[in-house]
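[1] Kindly generate the corresponding structure for this input.
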Amino acid sequence: MTRLILLFLAASALCASAEEVSFTVTPPASGVLGTPLQLDIEAGYPVNLAIRPDTTTLASESFHIISFSTSPVKTADGIAYQITTFNILPLDVGISTFPALIWHIAGPEKRQIKSPEAYIKIDGVIAKSIKEPELKDIRPPFAVIALWPFIVCAALLVILLAWLWKRKKDAAYLLSAPPVDTRSPEAFAAEELEILLQSGIWLSGEYKLFYEKLSDLLRTYIFRRFGLQAHMMTSSDLLRNLKTLSLPVETATRTRSFFESCDLVKFAKLKPGEKNKDNDCEIFRSFVSATTPVRTSEEPKVPE
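    From the prediction side, this is the model:
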């Protein structure tokens, strides 16, 4: 009987310790798309426990965790306090939700607990400050002269010059217009990717420019293949639209990884390695291959 009472008290102590773990989430007031932010989560827990976040299970289309760091542990009245600072990258605009994180608790019994969600307003562009107009004194009265004939003549002259300039520009454009690109979408993607790889941009260390062109190539291919305005969408919007195409699960997963790599290099200034570049180019080729229609030998080949 005594042993049963002791076991019951020990189980009650474990449950109480789990309930004593608390979190205080301090998100930034707002942020800008593609600009890293810092989010702090303070954990309070009994001193006989230890906790750590599990960032590998984060499932969010709005944020990507770049890194995190922890502060030294402070104790008071048997409670340990520790702040974990997360360096996150916003990938969508509007009121975005940073999801609840799973934390592993190490102690007499290993278990998990979740921290609360956080809501952050993400803007698409950096707001510019508006300068107050400078107040000026009222000018003294002056004699009114009949200027309307001069104004009419000047307006007619401007209209005439604009018409002549537009006519000359249109004629020059027709003479210098590039030939229509008649390549199929898959031929365009393969040839332009090879041109990019041979351009020397990567070897010169211009990684951001390389990934900007690589991302634009795949977006152009998607437009030419499916008609989606890929260049007008953020990566998360584009991935949501690609879900409607019923792509194979592996193709959709690797495509998400491709655009996340491009965003990290373009916005977070991540320095990729040779293996990263080769892997992303291979994903590019496999996406084109998986989305190219198979033509039978009997079907006439229609120009794209």
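
[2] What ranges in the stretch 201-304 of the chain fall below the confidence cut-off?
    Along the stretch 201-304 of the chain, the model assigns pLDDT under 70 to residues 296-304.

[3] What are the buried residues along the helix or strand containing Trp163?
    Element membership for Trp163 (DSSP states H and E) is helix 148-176. Using 16 or more other C-beta atoms under 10 Å as the burial criterion, none of the residues of helix 148-176 qualify. Bear in mind the C-beta positions are built from the backbone N, C-alpha and C, glycine included.

[4] Could you count how many residues lie near the closest residue to Gly107 other than its chain neighbours?
    In space, and not counting its chain neighbours, Gly107 is closest to Leu49: 4.1 Å by C-beta to C-beta, 6 or more residues apart in numbering. The number of residues packed near Leu49 is 17, by other C-beta atoms under 10 Å.

[5] Would you check that Leu49 makes contact with Val21?
    Yes: Leu49 lies in contact with Val21 (C-beta atoms under 8 Å); the separation is 7.3 Å.

[6] got any residues that touch both of the two?
    Both Leu49 and Val21 are in contact with Ile105, where contact means C-beta atoms under 8 Å, 6 or more residues apart in numbering.

[7] hmm, back to that, can you name every helix or strand that the helix holding Trp163 contacts?
    On a contact count with 3 or more C-beta pairs under 8 Å, 6 or more residues apart in numbering; DSSP states H and E, helix 148-176 meets no helix or strand.

[8] What's the first helix or strand after it?
    That would be, after helix 148-176 and using DSSP H and E, helix 185-198.

[9] Buried residues in that following helix, which are they?
    Quick answer for helix 185-198 (16+ other C-beta under 10 Å): Pro185, Glu186, Phe188, Ala189, Ala190, Glu192, Leu193, Leu196, Leu197.

[10] After that helix, heading C-terminal, what element do we hit next?
    Going C-terminal from helix 185-198, and assigning secondary structure by DSSP H and E, you next hit helix 207-226.

[11] on that earlier part again, which ones are touching the residue nearest to Gly107?
    Contacts were defined as C-beta under 8 Å, 6+ apart; by that measure Leu49 touches Ser17, Val21, Ala80, Ile105, Ala106, Gly107.

[12] Columns distance to Leu270 on top of those, output as TSV?
    As requested, these are exported to TSV (distance: C-beta to C-beta, whole Å):
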residue	distance to Leu270
Ser17	39
Val21	33
Ala80	34
Ile105	32
Ala106	31
Gly107	36
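
[13] if you look at those, which of them are in strands?
    Ala80, Ile105, Ala106 (DSSP state E).

[14] Now do the same for the second one: its pLDDT.
    Meaning Ile105. On pLDDT, Ile105 comes in at 83.

[15] cool, the first one as well?
    The confidence metric pLDDT takes the value 85 at Ala80.

[16] From what I see, it and Val73 are in contact.
    Yes: counting by C-beta under 8 Å, Ala80 does reach Val73; the two are 5.1 Å apart.

[17] If you count surrounding residues, which of those two has more?
    Per other C-beta under 10 Å, whichever of Ala80 and Val73 has more neighbours is Ala80, with 17 against 13.

[18] for the more buried one, which residues make a bridge with it?
    For Ala80, the beta-bridge partners are Tyr45, Thr75 (DSSP bridges).

[19] thinking again about what came up before, apply the buried test to the contacts of Leu49 and list what passes.
    Buried residues within those, defined by neighbour count using 16+ other C-beta under 10 Å: Ser17, Val21, Ala80, Ile105, Gly107.

[20] thinking again about what came up before, between the ones in strands among the contacts of Leu49, which is nearest Trp148?
    Nearest to Trp148 among the ones in strands among the contacts of Leu49, counting by C-beta to C-beta, is Ala80 at 82.4 Å.

[21] okay, now the domains of the protein?
    Following automatic domain parsing, the chain resolves into domains at 18-123, 185-291.

[22] centre of the chain versus the first one, how much separation?
    Its chain's C-alpha centre and that of domain 18-123 lie 20 Å apart, by C-alpha atoms, centre = their mean, to the nearest Å.

[23] And for the longest one?
    If you compare the mean C-alpha spot of domain 185-291 with that of the full chain, they lie 13 Å apart, counting by C-alpha atoms, centre = their mean.

[24] Between the two ends of that domain, how far is it?
    Domain 185-291 has its terminal residues 10 Å apart, counting by C-alpha to C-alpha, to the nearest Å.

[25] Likewise for stretch 122-135?
    Start-to-end, stretch 122-135 (C-alpha to C-alpha) is 35 Å.

[26] Repeat that for stretch 38-55.
    End to end - C-alpha to C-alpha - stretch 38-55 spans 15 Å.

[27] Thr24 should be in a strand, yeah?
    Yes: under DSSP: H, G, I helix; E, B strand; the rest coil, Thr24 falls within a strand.
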